[in-house]
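*Asks:* Mind folding the following:
(chains A and B)
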Amino acid sequence: MKEYIRKYFRLRRHNLQVSIKKAKRSKMCYLFLAPYAILFTMFYIVPVVSSIVLSFTYYNILESPTFVGLQNYISLILEDDIFLTGVKNTFMIAVITGPLGYIMSFLFAWLINEIPRWIRTIAIVVFYAPSIAGNVFVIFSIFFRGDAYGYVNAFLMNWGLIGRPVLWLTDPKYMLPICMVVILWMSLGTGFLSFVAGLQGIDKSQYEAGYMDGIKNRWQELWYITLPNMKPMLMFGAVMAITQSFGVCDVTMQLCGYPSTDYAARTVVTHLFDYGYSRFEMGYASAIATMLFLIMILCNKAIQSLLRRVGT
Amino acid sequence: MRKKEKIMEVKQKPKILKKRQPNRSRVGDFFVYLFLCMVAVAMIFPLVFAVNSALKPLDELFMFPPKIFAQNPTLDNFSDLFVTMGKSWVTFSRYIFNTVFITFVGTTGHLLIASMGAFVLAKYEFPGGKTFFNLVTVALMFSGYVTAIPNYLIINGLGWIDTYWAIIIPSFAAPIGLFLMKQFMEGLPMSLIEAAKIDGASEWKVFMHIVMPNVKPAWLTLIIFQVQALWNNKASTFIYSEEKKTLVYALQQIQSGGIARTGQAAAVTVIVMVVPIIIFILSESQILETMASSGLKD
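*Replies:* Predicted coordinates for the structure are as follows:
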């Protein structure tokens, strides 16, 4: 046993020496990577770590942080009703818009893959434009305006479907569904581009071979040939979709107001802003951020292991 | 001669028919096209609506029942915008300058720094390289809101609050840029780099003169993502002084100006949305070329 342990350590030391030697030889690599690595550490790694650390403290910027253990998490889950509303809304939005947006991205990428090149070019711009156009979604606030000049109201009143204008963006009943529609409208983003490009890259001869082997319709073709070939892009698209759908806050804040009526459009991120930037309870806000971080990472890992099984 | 032409025609005809892919029914194709057209109209409608609202004179904006298309399109809203903003303490052109400056510097720096990192990660093996790249992929999995508060504290500690750097420098480290660049550079043949090295080029020269010109499609992709992120950056948490605020922030202020400013708000919306869309249209084919290598392998 002793011999074994000694051998193990010798091996370890040897490995370390080898990698140090390698590192010395590739100084140039580190030099090239350094600017990015430093900035990445500063603005991604350190923040995540310090957010986890701060989440166990009480910190209001003016005084130095004091350790409070799990207090923040306990009050988040047991006492903070508004946070739970936020979690509920975020999950509602994520569970509905995430998968739907993802499926839409793939579906449209797949459907436009076969149409002639010049129409495809236009179609990509049309589908992708909403997500790239940034704050254009505020136009929906004119669209759903609560008075009779709002388009939806005017339209419905003209047809006699409603008697008086509906306060679309101030009535808790309608807020979330409208936000979801807007989010779905913007959901053909990076993942969509990745799918379009990936579909173009599939070897055409595979389809011919599949035809010979008796694939009968486009659905079989999709399941047996297209999807397995697209796996890496599907993974990438899933990462993008999950990250986006859990981070919803811009749309709800700008359409429904901040804070919204009865907190009906509050999401986890809005809650984070509220505590971080309005009340300066940085420890509490960090606890929210840490929870959000864990949710996002876990979801991503789960979806990835699910996607690994596609087409097999 | 004529006979030959006829033969050619006969030969070509089946070819056109054959171009249709197998496994596709005409009925299915028809419905696919119909569906795509409907969705395309739905997608483009809000954008068209935004442009139309910006072109409407005031009386049309408050017409009952409202019309979607402007009857007498004018550019009044745009000129009003400059008048209103001209009267305020900070002129409208200043907001545009701020956004353009932030976007330009942030994009250029990000392109250079991320490409340098991506180059060594893609083409050389060195201890720690793989681990670092895995960390970057993990960073893709959570959105920037998670790090918002520590980021604020760090930037505050560096004394960058209320400067452009508070937005520009963190944007250099955007993980998506490094990720896409690295994936694309993996397709670059190693022999190209080795040949240049044998000819006596230094690493920096290899990078600037061999690698970078060969990954131009990826440049455009990085640029579009970065422009999209920076152009739409409100930066309301970092910047307080009026003369440093961004265009999107100004847009929000106009919108909160109430119903009377509806037309002007629509005009700003159009100004904000036009730039990223135009950049995307101009660089679409190159972006798609890059995205083909965007897959996440495990």
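
*Asks:* okay, CA-based contacts and neighbour counts for the rest of this
*Replies:* Noted.

*Asks:* Where does the prediction get shaky in chain A?
*Replies:* Within chain A, the segments meeting pLDDT under 70 span A:311-312.

*Asks:* centroid residue for it?
*Replies:* Nearest to the geometric centre of chain A sits A:Thr243, at 1.7 Å (CA atoms, centre = their mean).

*Asks:* helices or strands up against the helix or strand where it lies?
*Replies:* A:Thr243 is part of helix A:231-246 when elements are defined by DSSP states H and E. If contacts are counted by 3 or more CA pairs under 8 Å, 6 or more residues apart in numbering or on different chains; DSSP states H and E, helix A:231-246 sits against helix A:81-112, helix A:190-200, helix A:282-307, helix B:129-140.

*Asks:* wait, doesn't the residue nearest to the centre of chain A sit right on B:Ser143?
*Replies:* Yes. Using CA atoms under 8 Å as the test, A:Thr243 is close enough to B:Ser143 to be in contact (5.7 Å).

*Asks:* so which of the helices and strands packed on helix A:231-246 comes closest to B:Pro46?
*Replies:* helix A:81-112 (17.8 Å; CA to CA).

*Asks:* Nearest the middle, which residue of chain B would you pick?
*Replies:* B:Ile224 (3.2 Å).

*Asks:* Any residue of the longest helix along chain B touching chain A?
*Replies:* Longest helix in chain B by number of residues (criterion: DSSP state H): helix B:92-123. Yes. Helix B:92-123 reaches chain A (CA under 8 Å from any CA of the partner chain) through B:Ile113, B:Ala114, B:Met116, B:Gly117, B:Ala118, B:Val120, B:Leu121.

*Asks:* Tell me the one among these nearest to chain A.
*Replies:* B:Gly117 (4.2 Å; CA to the nearest CA).

*Asks:* could I get the helix holding A:Thr243 in PDB with only the CA atoms?
*Replies:* The C-alpha trace of helix A:231-246 is given here as PDB (Å, rounded to 0.1, in the frame of the first residue of the first chain):
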ATOM      1  CA  LYS A 231     -26.800  17.600 -32.800                       C
ATOM      2  CA  PRO A 232     -24.000  20.100 -32.000                       C
ATOM      3  CA  MET A 233     -26.100  23.000 -33.300                       C
ATOM      4  CA  LEU A 234     -29.100  21.800 -31.400                       C
ATOM      5  CA  MET A 235     -27.000  21.900 -28.200                       C
ATOM      6  CA  PHE A 236     -25.800  25.400 -28.900                       C
ATOM      7  CA  GLY A 237     -29.300  26.600 -29.700                       C
ATOM      8  CA  ALA A 238     -30.600  25.000 -26.500                       C
ATOM      9  CA  VAL A 239     -28.000  26.900 -24.500                       C
ATOM     10  CA  MET A 240     -29.000  30.100 -26.100                       C
ATOM     11  CA  ALA A 241     -32.700  29.500 -25.600                       C
ATOM     12  CA  ILE A 242     -32.400  28.500 -21.900                       C
ATOM     13  CA  THR A 243     -30.100  31.400 -21.100                       C
ATOM     14  CA  GLN A 244     -32.500  33.900 -22.700                       C
ATOM     15  CA  SER A 245     -35.800  32.500 -21.400                       C
ATOM     16  CA  PHE A 246     -34.600  32.500 -17.800                       C
END
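
*Asks:* neighbouring contacts of it?
*Replies:* Contacts with helix A:231-246, where a contact means CA atoms under 8 Å, 6 or more residues apart in numbering or on different chains, come from A:90-91, A:93-94, A:97-99, A:101-102, A:187, A:190-192, A:194-195, A:198, A:292, A:296, A:299-300, A:303-304, A:307-308, A:310, B:140-143, B:294-297.

*Asks:* Domains of chain B: list them as residue ranges, please.
*Replies:* B:22-74, B:82-291 (automatic domain parsing).

*Asks:* Out of these, which one sits most buried?
*Replies:* The highest mean neighbour count among these, using mean count of other CA atoms under 10 Å in any protein chain shown, belongs to domain B:82-291: a mean of 19.

*Asks:* Just the endpoints, please. Distance across that one?
*Replies:* 39 Å (CA to CA, to the nearest Å).

*Asks:* so how many other residues sit close to the residue of the stretch 151-298 of chain B found nearest chain A?
*Replies:* Going by CA to the nearest CA, chain A is nearest to B:Gly295 of the stretch 151-298 of chain B, at 4.0 Å. For B:Gly295, the neighbour count with other CA atoms under 10 Å in any protein chain shown is 22.
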